[in-house]
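Undergrad: Coordinates for the following, if possible.
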Amino acid sequence: MQHIVQIDGVYKDYPLGKVTVHALRGVSLEIDAGDFVTIAGPSGSGKTTLLNQIGCVDVPTAGRVLIDGRCTSELSEKELTSLRLDKLGFIFQTFNLVAVLDVMQNVELPLLLQGGLSKDERRTRVTQLLDAVGLAEQVSQRPNELSGGQRQRVAIARALVTRPSIVLADEPTANLDSETGDRIIDLMKTMNKDFGTTFIFSTHDHRVMAHARRIIKMVDGQLASDERVQIESSLP
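TA: Prediction:
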């Protein structure tokens, strides 16, 4: 099976005054296309830093990150932008929604940037996703008119709308109630099954971890364990 993500001896250091924070300490791992992976660990263990490396949001101090066989440090800024837009979907804890756009426009924006779909095709895909995340009645509202949980669902829909090869999700269910969280997890599982989307989560949520096929645990910027999980067929 093809490795869609390869992390090869990655270190990430952050200067903090006279101190250097070693966020990642020689991390190496491979993630297969179509996998459903959870990265777990305490705060400060390096989970978010690792997601940022995979998402080309940050660059390693040392080591290599390969996405779909391409070393990110060898790509131009234009190539990196194209990679983020065409291959990656991001769900951030801070949402990063555009304040002046309504819900429909926020979710549609990546499709406009990507190009290739007609207006009707874009609207159909956005409407279907907003319905799936329970926001069909909020399409004309702006982010400041939404609750934290609603904004999180907009961010999730926006990350999924381009049907990316890889979705990187930093605590995607943190602001959601149990029912909505389960609904979002089911949506992601459906995309994983129907489109072969690779999902990589950073989470403390046991609901998400219960559906993962692989659980990677981090401690102090290093991999502590890497376990394949057998999912019971009775799970939805």
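Undergrad: neighbours of the residue lying closest to residue 3 once chain neighbours are set aside, just the number please.
TA: Distance criterion C-beta to C-beta, 6 or more residues apart in numbering; nearest residue to residue 3, sequence neighbours excluded, is residue 30 at 4.4 Å. No exception for glycine: its C-beta is placed from N, CA and C like everyone else's. Using other C-beta atoms under 10 Å, residue 30 is surrounded by 15 other residues.
Undergrad: Next, the most centrally placed residue in the chain: secondary structure please.
TA: Among the residues of the chain, residue 168 comes closest to the average C-alpha position under C-alpha atoms, centre = their mean, at 1.5 Å. At residue 168 the chain is in strand, as set by DSSP: H, G, I helix; E, B strand; the rest coil.
Undergrad: What of residue 99?
TA: Applying three-state DSSP: residue 99 is coil.
Undergrad: pLDDT at residue 174, what is it?
TA: Residue 174 carries a pLDDT value of 80.
Undergrad: Now do the contacts for the nearest residue to it once chain neighbours are set aside.
TA: Closest residue to residue 174 apart from its sequence neighbours, by C-beta to C-beta, 6+ apart: residue 93 at 6.5 Å. Going by C-beta atoms under 8 Å, 6 or more residues apart in numbering, residue 93 touches 170, 171, 174.
Undergrad: now do residue 197
TA: Neighbours of residue 197 in contact, by C-beta under 8 Å, 6+ apart: 34, 163, 164, 165, 166, 167, 188, 191.
Undergrad: After the top helix by length along the chain, heading C-terminal, what element do we hit next?
TA: With secondary structure taken from DSSP state H, the chain has its longest helix at helix 178-195. Sequence-wise, the next helix or strand downstream of helix 178-195 (DSSP states H and E) is strand 198-202.
Undergrad: What angle do strand 166-170 and that following strand make with each other?
TA: Interaxial angle of strand 198-202 relative to strand 166-170 (axes from the mean of the first three to the mean of the last three C-alpha atoms, to 10 degrees): 10 degrees.
Undergrad: Now do the helix or strand that comes right after strand 198-202: everything it contacts.
TA: Moving toward the C-terminus from strand 198-202, the next helix or strand (DSSP H and E) is helix 206-209. Outside helix 206-209, the residues that touch it by C-beta under 8 Å, 6+ apart are 38, 40, 172, 173, 178, 181, 182, 185, 201, 203, 215.
Undergrad: Of these, which pair is most distant in space?
TA: 178 and 215 (20.7 Å; C-beta to C-beta).
Undergrad: how about stretch 63-78: buried residues?
TA: Buried residues in stretch 63-78, counted by 16 or more other C-beta atoms under 10 Å: 63, 65, 66, 67, 72.
Undergrad: Then stretch 40-58?
TA: For stretch 40-58, by 16+ other C-beta under 10 Å, it's 40-41, 45-58.
Undergrad: Kind regards, and thank you for your time.
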